[in-house]
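**Student:** Below is the structure, and that's it, no one-letter string:
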């Protein structure tokens, strides 16, 4: 298995632009998680899906952030408009059956907003 | 609110030294506990986990962790570190969702 795949690996954009991050979970995993990692706040859960349905988006910082999972093999995290404080590493993770199971993380997308 | 504390933000050791990284959590109910590791430039990987049973858990690469319920702790240990253990280590607690600590950066010098 190729593991969790994320694209792009690096993204540099200007403030105000739309950014879309992509994730392909491991086949057969029912749960998908989006995390954000910063020096100041560590690793924070943004949102997670179960069987393509968003379950908890309480970690999404504000309305500029949105996430979708149109099918079991693809999810997007969109920021519109982007701001410099959104600069972080965004990780996607998947697991077979939720919190009690190991989460497999993707390599992350390093986002820089100038 | 549930929280996870990792008091050691940055640890520097020489090879062969012993390691103990602290992890404390605040939650009164049943918890599942994890340690994840992030090697430089790589993604997070599971090091070990505790769900129930023997509170001393063995993980990969010679790591172990002990769950002490009375102290709300799940400290990570390794008797003799190697240069290749240089990484960031995250403690995580599962209540109704997985909450990560802020991480401990470990640097091991030859």
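**Tutor:** Yep, it's here. On a predicted model such as this, the values are computed, not experimentally measured, just so you know. Numbering: from 1, shown residues only, chains lettered A, B, ... in the order given.
**Student:** Does residue A:34 touch residue A:67 like I think?
**Tutor:** Yes - in this structure, residue A:34 is within contact of residue A:67 by CB atoms under 8 Å, at 5.8 Å. Every residue, glycine included, has its C-beta placed from N, CA and C.
**Student:** who touches both of these two?
**Tutor:** Counting by CB atoms under 8 Å, 6 or more residues apart in numbering or on different chains, the residues touching both residue A:34 and residue A:67 are A:46-47, A:75, A:77.
**Student:** Most neighbours among these, which one is it?
**Tutor:** Tallying neighbours with other CB atoms under 10 Å in any protein chain shown puts residue A:75 at the head of those, with 25 neighbours.
**Student:** distance of it from residue B:108?
**Tutor:** 36 Å (CB to CB, to the nearest Å).
**Student:** Each with direction, which strands does the helix or strand bottoming out on mean pLDDT in chain B pair with?
**Tutor:** Among the helical and strand segments of chain B, the one scoring lowest on mean pLDDT, DSSP states H and E is strand B:98-100, with a mean of 86. Strand pairing for strand B:98-100, using DSSP bridges, gives strand B:87-94 (antiparallel).
**Student:** which other residues reach the strand it pairs with?
**Tutor:** Contacts of strand B:87-94 (CB under 8 Å, 6+ apart): A:42-43, A:99-100, B:2, B:4, B:6, B:21, B:23, B:25, B:27, B:31-40, B:44, B:47, B:74, B:76, B:98-101, B:103-106.
**Student:** repeat that for 6 Å
**Tutor:** A:99, B:4, B:6, B:21, B:23, B:25, B:31-39, B:98-101, B:103-105 (CB atoms under 6 Å, 6 or more residues apart in numbering or on different chains).
**Student:** Inside strands: which ones of those residues?
**Tutor:** With strands taken from DSSP state E, the overlap with the contacts of strand B:87-94 comprises B:4, B:21, B:25, B:32-38, B:98-100, B:104-105.
**Student:** Kindly indicate which of those residues lies nearest chain A.
**Tutor:** residue B:100 (4.1 Å; CB to the nearest CB).
**Student:** How many residues are close by residue B:90?
**Tutor:** 25.
**Student:** just residue B:11 next, same as before
**Tutor:** 16.
**Student:** Need the three-state assignment for the nearest residue to residue A:25 once chain neighbours are set aside.
**Tutor:** Spatial nearest neighbour of residue A:25, chain neighbours left out: residue A:94 (3.4 Å); criterion: CB to CB, 6 or more residues apart in numbering or on different chains. For residue A:94, the secondary structure call by DSSP: H, G, I helix; E, B strand; the rest coil comes out as strand.
**Student:** I figured residue A:94 hits residue A:29, correct?
**Tutor:** Yes - applying CB atoms under 6 Å, one finds residue A:94 in contact with residue A:29, separated by 3.8 Å.
**Student:** Who has more neighbours out of the two?
**Tutor:** residue A:94 (26 against 20).
**Student:** okay, and for the chain, where does confidence drop off?
**Tutor:** Going with chain A. Along chain A, the parts satisfying pLDDT under 70 run over A:1, A:98-100.
**Student:** Actually, chain B is the one I wanted.
**Tutor:** B:1.
**Student:** what does it put close to chain A?
**Tutor:** B:32, B:43-44, B:46, B:94, B:98, B:100, B:102-103 (CB under 6 Å from any CB of the partner chain).
**Student:** Could you rerun that using 7 Å?
**Tutor:** Contacts of chain B with chain A, taken as CB under 7 Å from any CB of the partner chain, map to B:32, B:43-44, B:46, B:49, B:51, B:90, B:94, B:97-98, B:100-103.
**Student:** That's all I had, so thanks and see you.
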